[in-house]
Every structure is written in C-alpha cells, then in structure tokens.
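Undergrad: Compute the structure for the input listed below.
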Amino acid sequence: QVQLVESGGGLVQAGGSLKLSCAASGRTFSDYNMGWFRQAPGKEREFVAQISWSGHSTYYGDSVKGRFTISRDNTKNTVYLQMNSLKPEDTALYYCAAGLHGNNLARKYDYWGQGTQVTVSS
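TA: This next block holds a predicted model:
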C-alpha cells in the first residue's frame with residue numbers, strides 16, 4: 001500500500017503561481033512513477049503530468065505544457081507540481097497518483113490521494 005497526501009492548493013488570481021506537494025508513505029516511493037491528474041466539476045479526470053520513478057523522464061498534458069513543472073525528491077518521498085501562469089480553466093481538484101507503470105492514463109495508477117483544490121479567479 002502507498003498512502004498519498006496532497007497539499008498546497010488554494011485560491012489564486014489568474015497569472016499567479018502555486019506549488020502542490022504530494023507526500024507518500026508505505027511502500028518504496030522510488031519504485032513508482034508518479035502522476036498528477038485534475039478533475040473539474042462536471043468534467044472527466046484529466047491527465048496533468050507524470051514523472052518516472054528516477055525523475056529522469058517527465059510528460060505533460062497539452063493544456064499545461066510550458067506552464068507546469070513536475071518534480072520529485074525521493075529522499076523526502078514527495079512529488080511536486082509547480083504551476084505558473086495559472087488560468088481560470090485550471091480550476092479543479094488536483095490528485096496525485098502512484099503506479100509502477102504509471103503514464104498518462106489514470107487506469108495505470110494503483111494509488112490515489114484525496115486531492116487538493118485549486119481555484120483560479122479571473
């Protein structure tokens with residue numbers, strides 16, 4: 001089992017920045033690819049970013065490419081999502097997820113956090 005706890009969400013004005021954190025506990029964090037997904041009310045869960053177990057490879061959804069950066073610190077069992085140039089359409093509940101073969105597909109992840117709310121005002 002892997003337990004995931006997100007933090008760092010909040011209310012920010014358009015153009016602002018936020019940094020989300022996801023702390024993991026349980027099994028060996030560095031075994032897992034990590035992902036961030038988001039879900040807005042009435043919409044399907046959307047892939048945001050993925051980072052490989054080593055941190056050497058990252059992958060982003062088209063809507064956040066160039067604005068968001070995923071990173072991880074395996075010594076702290078934590079994955080981060082730096083979000084810059086935020087837009088109102090980035091408003092959603094943001095989830096982190098862990099999967100041995102995690103990629104851009106939600107079904108490839110085995111463990112999920114409870115989510116942290118990000119609200120971007122115009």
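
Undergrad: isn't residue 46 right next to residue 35, touching?
TA: No: using Cβ atoms under 8 Å, residue 46 makes no contact with residue 35, being 11.2 Å away. C-beta coordinates here come from the backbone N, C-alpha and C atoms, glycine included.

Undergrad: These two: which is more packed in?
TA: The neighbour comparison of residue 46 against residue 35 (other Cβ atoms under 10 Å) goes to residue 35, with 28 against 16.

Undergrad: contacting residues for that one?
TA: 47-51, 96-99, 102-104, 109 (Cβ atoms under 8 Å, 6 or more residues apart in numbering).

Undergrad: got JSON lines for those, with secondary structure too?
TA: Converted to JSON lines, the contacts of residue 35 look like this (DSSP: H, G, I helix; E, B strand; the rest coil):
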{"residue": "47", "secondary structure": "strand"}
{"residue": "48", "secondary structure": "strand"}
{"residue": "49", "secondary structure": "strand"}
{"residue": "50", "secondary structure": "strand"}
{"residue": "51", "secondary structure": "strand"}
{"residue": "96", "secondary structure": "strand"}
{"residue": "97", "secondary structure": "strand"}
{"residue": "98", "secondary structure": "strand"}
{"residue": "99", "secondary structure": "strand"}
{"residue": "102", "secondary structure": "coil"}
{"residue": "103", "secondary structure": "coil"}
{"residue": "104", "secondary structure": "coil"}
{"residue": "109", "secondary structure": "coil"}
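
Undergrad: Residue 1: which of these is nearest?
TA: residue 98 (10.2 Å; Cβ to Cβ).

Undergrad: before we move on, which element is residue 5 in?
TA: strand 2-7 (DSSP states H and E).

Undergrad: What are the contacting residues of that strand?
TA: Contacts for strand 2-7 (Cβ under 8 Å, 6+ apart): 20-27, 29, 32, 94-98, 110-116.
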